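S.K.: Dropping the sequence and predicted coords here.
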Amino acid sequence: MARLTTIRYGRAAVLLIAGAYFLIPLTCAIAFSIGAGVPGQRIGIDAYTGIFSAGGFADSLVLTLKLAAATIALVLGLLVPALVTVRLAAPRLRTLVEIVCLLPLVVPAVALVAGVSAVLRWGSDHFVGTPVFQALVALQNPRFPLVLVLAYTLMALPLAYRTLDTGLAAIDLRLLVEAARACRAPWHRTLFQVVLPNLRGALLNTAFLTLALVLGEYSVAAILGYQPFAVWILAISGSQAQMSVAVSVLGLLVTWVLLLLIAAAGRARHPKETP
């Protein structure tokens, strides 16, 4: 009994410390955003009500969401077929695929963007008047910079690989595929109607982690000269500090809500069909 009591109090202490670690900075940020404790500033929610009318807010948010959608599609389009193929047909290549996917962990984002910038400058100087130059220009289109999608995809590969690999390890992939093929299902139906539904939780978690990375990434976009959401927040912090904090708080809360929704969707079960 004494041991159980000690464990109970220990858990409570850990939860209290963890809660204080997360909630105290958030409380201070909210207090600053509403003007509490700011000399000569009245308390109000002007920083929150003025977000949607702030200059550049809508453009930066729309750009970030488009980049996130493209990055999620590219990450899943690359990794899901590759991991399924490796597990079914080429298990000896699993180590090589893992090394390639985890390699971005050892390359800092600043080093990555420095290399990308150098390649873009070199290509622009050496391929003027060729289709390669036009492709480089298209990659750097300010309305939708594909170069950011490629960079974000590389940065998301380690997390996405671990999430999807864990999801595949939790199912009997070979048995599912053999059963589908025994029913004469073509490969595309096997993938979309058999494999992917069983990977729903892993796919949702991968999408969420990629979305969170794109929403919070700053260094690559700033160095390349683009202004997605994270760069816009820092850009207004000098002139509208309270609004920048308010936007950060709202972004954090929305991220938490999305995480809870994804967790609930991943645990959900399809209703049993009645005969």
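M.R.: Right, received. Where do you want to start? Residues are numbered from 1 along each chain as shown.
S.K.: Surely Leu148 is in contact with Tyr218?
M.R.: No. Here Leu148 lies out of contact with Tyr218, judged by CB atoms under 8 Å, at a distance of 11.8 Å. (C-beta placed from N, C-alpha, C; glycine too.)
S.K.: So which of the two has more stuff around it?
M.R.: Leu148 (25 against 14; other CB atoms under 10 Å).
S.K.: Can you name the residues that contact the more buried one?
M.R.: By CB atoms under 8 Å, 6 or more residues apart in numbering, the contact list for Leu148 reads 67, 220-221, 224, 226, 228.
S.K.: Let's see that with 7 Å instead.
M.R.: Contacts were defined as CB atoms under 7 Å, 6 or more residues apart in numbering; by that measure Leu148 touches 67, 220-221, 224, 226.
S.K.: Columns distance to Ile30, neighbour count and pLDDT on top of the residues you listed, output as a markdown table?
M.R.: Listed next are the contacts of Leu148 as a markdown table, based on distance: CB to CB, whole Å; neighbours: other CB atoms under 10 Å; pLDDT from 0 to 100:
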| residue | distance to Ile30 | neighbour count | pLDDT |
| --- | --- | --- | --- |
| Leu67 | 28 | 25 | 94 |
| Val220 | 29 | 23 | 91 |
| Ala221 | 27 | 26 | 91 |
| Leu224 | 32 | 17 | 90 |
| Tyr226 | 29 | 18 | 92 |
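S.K.: State the pLDDT value of Ala54.
M.R.: Here the pLDDT value assigned to Ala54 is 83.
S.K.: Select, from the contacts of Leu148, the two members most distant in space.
M.R.: Across these, the longest distance by CB to CB is 12.1 Å; it joins Leu67 and Leu224.
S.K.: Inside helices: which ones of the contacts of Leu148?
M.R.: 67, 220-221, 224 (DSSP state H).
S.K.: ok, so of those, who is nearest Thr210?
M.R.: For these, the nearest to Thr210 is Leu67 (10.3 Å; CB to CB).
S.K.: Break this protein down into its domains, please.
M.R.: 1-44, 58-267 (automatic domain parsing).
S.K.: Could you tell me the least trusted of those domains?
M.R.: Taking the mean pLDDT of those, domain 1-44 comes last: a mean of 80.
S.K.: how close does Val106 get to Leu157?
M.R.: With distances taken as CB to CB, to the nearest Å, Val106 is found 12 Å from Leu157.
S.K.: Same check on Thr255?
M.R.: Thr255 is 21 Å from Leu157, by CB to CB.
S.K.: ok, the two, which is more surrounded?
M.R.: Neighbour comparison, Thr255 and Leu157: the larger count goes to Leu157, with 20 against 15 (by other CB under 10 Å).
S.K.: Look up the closest residue to the more buried one, ignoring the ones flanking it.
M.R.: Closest residue to Leu157 apart from its sequence neighbours, by CB to CB, 6 or more residues apart in numbering: Cys101 at 4.7 Å.
S.K.: What are the contacting residues of the helix or strand containing the one you found?
M.R.: If you go by DSSP states H and E, Cys101 is part of helix 94-102. Applying CB under 7 Å, 6+ apart, the external contacts of helix 94-102 come out as 82, 86, 157-158, 161.
S.K.: Mind doing that once more with 6 Å?
M.R.: Contacts to helix 94-102, defined as CB atoms under 6 Å, 6 or more residues apart in numbering, come from residues 86, 157-158, 161.
S.K.: Now that helix: buried residues?
M.R.: For helix 94-102, the neighbour count (16 or more other CB atoms under 10 Å) marks 97-98, 101 as buried.
S.K.: May I have whichever helix or strand comes after that helix exported as CSV, CA atoms only?
M.R.: Downstream of helix 94-102, the next assigned helix or strand under DSSP H and E is helix 109-126. The C-alpha coordinates for helix 109-126 follow below in CSV (Å, rounded to 0.1, in the frame of the first residue of the first chain):
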residue,chain,number,x,y,z
ALA,A,109,18.4,23.2,-41.9
VAL,A,110,20.8,26.1,-42.3
ALA,A,111,23.4,23.9,-44.1
LEU,A,112,20.6,22.4,-46.2
VAL,A,113,19.3,25.8,-47.4
ALA,A,114,22.9,27.0,-48.0
GLY,A,115,23.4,24.1,-50.3
VAL,A,116,20.1,24.7,-52.1
SER,A,117,20.9,28.4,-52.5
ALA,A,118,24.4,27.6,-54.0
VAL,A,119,22.9,25.1,-56.4
LEU,A,120,20.2,27.6,-57.5
ARG,A,121,22.7,30.4,-58.1
TRP,A,122,25.1,28.1,-60.0
GLY,A,123,22.3,26.7,-62.2
SER,A,124,21.0,30.2,-63.0
ASP,A,125,24.5,31.3,-64.1
HIS,A,126,25.3,28.2,-66.2
